[in-house]
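Novice: would you be able to build a 3D model of this:
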Amino acid sequence: MTVDDEVRAPSLEASNETLEDYTLRFAPRTYRRWTPAVVGASALGGIAYMADFSIGAGIGLTHGTGNALLAIGFAAVVIFVTGFPLAYYAARYNIDLDLITRGSGFGYYGSVITSVIFASFTFIFFALEGSIMAQGLRYALGLPLWLGYLTSTLLIIPLVIYGMKVLAKLQSWTNPLWLLLMVAPLVFLVVKEPDSVRRWLEYGDNGISTAAVMLGAGVCLSLMGQIGEQIDYLRFMPPRTDENKRAWWTATILAGPGWVVFGALKQAIGVFMAVYVLDAVGAVAAVEPIEQFTGVFKQFMPAWLVVPLALVLVVLSQVKINVTNAYSGSLAWTNSFTRVTKRYPGRLVFVLVNLAIALVLMEADMFSFLNNLLSFYSNCAMAWVVTVATDIAINKYVLKLSPKQPEFRRGMLHAVNPVGVGSFLASSILSISVYFGLFGAAIQPYSPLVAVGIPIVLTPLLAVLTKGRFYLRRTDDGIAEPVLDETGNPSGTLYDCVVCGESYERPDMTASAVEGTICSLCLSTDRAGLHVLR
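Specialist: Presented below is the predicted three-dimensional model:
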């Protein structure tokens, strides 16, 4: 086999781009045929997950409603502010969070560690949602938990294989039913029993505690990684034009950082429902969404309809979010594996890998230690997301030390950029140390502030100290035409790849060191580095 054959073989495995959904690439105009409204609705469909109700319930029952609401509000503000620049870059330049991370302080190989963190987010939350579905199946059908875990996993595989084309339809079609089942009973309950609101607000009313607020916020902030899943949809936004800019911005904001508004509302509702059913089911069961919704449904519908409708809601929510978890996780794993090994096994392989890990976590009963797991994980997620958001907002737009135009292609980036990697590692290590009490019990609850605060300071500082010289290895990719067109959108001009023979749009291409032009995936799988520009 020749050197070129070695490059060509793994690349041809990804020739079916509809199936692979442009896993490691810029998403081209020819594929992005959805309107901003469809893309936004599809992205928001993924936030139907039930874990928010459990998270809110756990915080509320532990720290009281007042502390819980402050914790939820604080976390929501942080997530919205940090999520905005990431969502904008994804929608504007049509690349996922891993590709954004590469050029926003981490380097070509440096972002592998953040891809693994994001993949961990997806299988942790897949396991949480699968556990909630299994609880629903046990409650309604008497199905053993182990079998419920297996069912909730296998159900997702056929839905997630074909990527965005199927996911867009699934999310859009199921959104109205999900909203009706979730909102109508709660509105009815508040109208019928207004005293339930008073009981909710007064629960655990022992005064506001800053430590309790920060402990609760740490759990909520574990959801910061959700912006990566939103971006996996937002990268398919159409080009922004004068005609669609209002719809474009509305969809980008609502489906990007705006997801947390809906998430925070669900967490607050989780506290409300847990307090409402607490006396009837006890503290352990009150954090389970199936118990929460059956307790509410019983107040306004026939007994024979309560359990079936609650089960439909739980299963529908689990399917809507876990197709996204499986999809996004497969992208993250594939990104990491391909860069490290220079082999492309295909996204489907990592759909199965991600689901297998999630199934193991479910069988290990991770639901029982939910808040502890999320509090620990949130330190790494916050360190990563805040580092990238700070690099975009400050290093690119204020200091202008980081290139404003995103870059993700091999050969154009240094292997590791100490700006992002250094900031991420420092904030992760210090916040985890604080979380485990290594600096004393008094500051232990404040690990979220450490995870958020350090990257905001250290990311610009490192960029200044390094003078931004580790962002780009090259400024010229060997192609005369600019990557962006006259409107600032990624160019739609097609170039032929000298290795795989397929045509790709300008942002995905660089000149080959041998001849012609080469696409980013073929360049990633070039084991000999033959085509990498020197």
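Novice: burial measure for Ala283, as a count.
Specialist: Neighbours of Ala283 under the rule other CB atoms under 10 Å: 12. C-beta coordinates here come from the backbone N, C-alpha and C atoms, glycine included.
Novice: after the helix or strand harbouring Phe123 comes which helix or strand?
Specialist: If you go by DSSP states H and E, Phe123 is part of helix 112-141. As assigned by DSSP H and E, the chain's next helix or strand after helix 112-141 is helix 145-154.
Novice: which is the next helix or strand following that next one?
Specialist: helix 157-160.
Novice: coming back round to it: tell me the angle the helix holding Phe123 makes with helix 145-154.
Specialist: Angle of helix 112-141 versus helix 145-154, following axes from the mean of the first three to the mean of the last three CA atoms, to 10 degrees, is 120 degrees.
Novice: wait, what's in contact with the nearest residue to Ala251 once chain neighbours are set aside?
Specialist: Nearest residue to Ala251 in three dimensions, chain neighbours excluded: Gly40, at 3.2 Å (CB to CB, 6 or more residues apart in numbering). Residues near Gly40 by CB atoms under 8 Å, 6 or more residues apart in numbering: 250-252, 254-255.
Novice: just the buried ones from these, in ChimeraX syntax?
Specialist: Burial among those is assessed by 16 or more other CB atoms under 10 Å; the matching ChimeraX selection reads:
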select :251,252,254,255
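Novice: hmm, back to that, avg pLDDT for the helix holding Phe123?
Specialist: For helix 112-141, the mean per-residue pLDDT is 85.
Novice: distance of the residue nearest to Ala251 relative to Leu316?
Specialist: 20 Å (CB to CB, to the nearest Å).
Novice: go on, Thr35?
Specialist: Computed as CB to CB, the Thr35 to Leu316 distance reads 24 Å.
Novice: so which of those two has more stuff around it?
Specialist: Of the pair Thr35 and Leu316, Leu316 is the one with more neighbours under other CB under 10 Å, namely 19 against 14.
Novice: any idea how far apart the tips of stretch 188-203 sit?
Specialist: Stretch 188-203 has an end-to-end distance of 21 Å (CA to CA, to the nearest Å).
Novice: hmm, who's touching it?
Specialist: 60, 64-66, 271-272, 275-276, 296, 299-300.
Novice: buried set for that stretch?
Specialist: 189, 196, 200, 203.
Novice: so for that stretch, mean pLDDT?
Specialist: 87.
Novice: go on, stretch 426-442?
Specialist: Averaging pLDDT along stretch 426-442 yields 91.
Novice: can you give me the buried ones in that stretch?
Specialist: Applying 16+ other CB under 10 Å to stretch 426-442 flags 426-428, 430-432, 434-435 as buried.
Novice: what's around Pro308, how many residues?
Specialist: If you count neighbours by other CB under 10 Å, Pro308 ends up with 11.
Novice: hmm, I typed the wrong one, I wanted Leu530.
Specialist: If we define neighbours as other CB under 10 Å, then Leu530 has 16 of them.
Novice: out of the contacts of stretch 188-203, who's nearest Asp496?
Specialist: Nearest to Asp496 out of these is Val271 (CB to CB; 57.1 Å).
Novice: residues in contact with that closest one?
Specialist: Applying CB under 8 Å, 6+ apart, the residues near Val271 are 56-57, 59-61, 65, 68-69, 200, 203.
Novice: and the pLDDT at it?
Specialist: 93.
Novice: ok, the one 3 residues further on next?
Specialist: Confidence at Ala274, expressed as pLDDT, is 91.
Novice: just list the residues touching it, thanks.
Specialist: 56-57, 60-61, 286-287, 292.
Novice: mind listing what's buried along stretch 131-143?
Specialist: By 16+ other CB under 10 Å, the buried positions in stretch 131-143 come out as 131-137, 139-140, 143.
Novice: neighbouring contacts of that stretch?
Specialist: Here stretch 131-143 has contacts from 50-51, 54, 144-145, 147-149, 151-152, 288-291, 294, 307-308, 310-311, 314-315, 317-318, 362, 365-367, using CB under 8 Å, 6+ apart.
Novice: separate out the buried members of these.
Specialist: For these, buried by 16+ other CB under 10 Å: 50-51, 54, 145, 148-149, 151-152, 288-291, 294, 307, 310-311, 314-315, 317-318, 362, 366-367.
Novice: what angle sits between the helix ranked longest in the chain and helix 145-154?
Specialist: Secondary structure of the chain per DSSP state H: the longest helix is helix 303-341. Calculated by the same axes, to 10 degrees, helix 303-341 forms an angle of 60 degrees with helix 145-154.
Novice: can you name every helix or strand that helix 303-341 contacts?
Specialist: Packing partners of helix 303-341 (3 or more CB pairs under 8 Å, 6 or more residues apart in numbering; DSSP states H and E): helix 97-101, helix 112-141, helix 157-160, helix 164-192, helix 226-234, helix 289-297, helix 347-363, helix 520-524.
Novice: and Gly282, what pLDDT?
Specialist: Gly282 carries a pLDDT score of 84 in this model.
Novice: one step back: any idea which element the residue nearest to Ala251 lies in?
Specialist: Element membership of Gly40 [criterion: DSSP H and E] is helix 36-45.
Novice: ok and the helix or strand that that helix is followed by relative to helix 289-297, angle-wise?
Specialist: Downstream of helix 36-45, the first helix or strand assigned by DSSP H and E is helix 51-63. Taking the same axes, to 10 degrees, one finds that helix 51-63 is oriented at 90 degrees with respect to helix 289-297.
Novice: which residues sit against helix 51-63?
Specialist: Helix 51-63 has contacts (CB under 8 Å, 6+ apart) with 67-68, 71-72, 125, 128-129, 132, 203-204, 209, 212-213, 215-216, 219-220, 223, 263, 266-271, 273-275, 278, 283, 286-289, 292, 367, 370-371, 374.
Novice: next, count neighbours for Ile47.
Specialist: By the criterion of other CB under 10 Å, Ile47 has 24 neighbours.
Novice: pretty sure it sits against Phe262.
Specialist: Yes: using CB atoms under 8 Å, Ile47 is in contact with Phe262, at 5.4 Å.
Novice: export stretch 495-505 to CSV, keeping only CA atoms.
Specialist: The C-alpha trace of stretch 495-505 is given here as CSV (Å, rounded to 0.1, in the frame of the first residue of the first chain):
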residue,chain,number,x,y,z
TYR,A,495,-12.7,22.5,-4.3
ASP,A,496,-11.7,19.0,-5.1
CYS,A,497,-9.8,16.9,-2.6
VAL,A,498,-6.7,15.3,-4.1
VAL,A,499,-7.0,12.3,-1.8
CYS,A,500,-10.7,11.2,-1.6
GLY,A,501,-11.7,12.9,-4.9
GLU,A,502,-14.8,14.5,-3.3
SER,A,503,-15.7,18.2,-3.5
TYR,A,504,-15.9,20.3,-0.4
GLU,A,505,-16.5,24.0,0.4
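Novice: sounds good, over and out.
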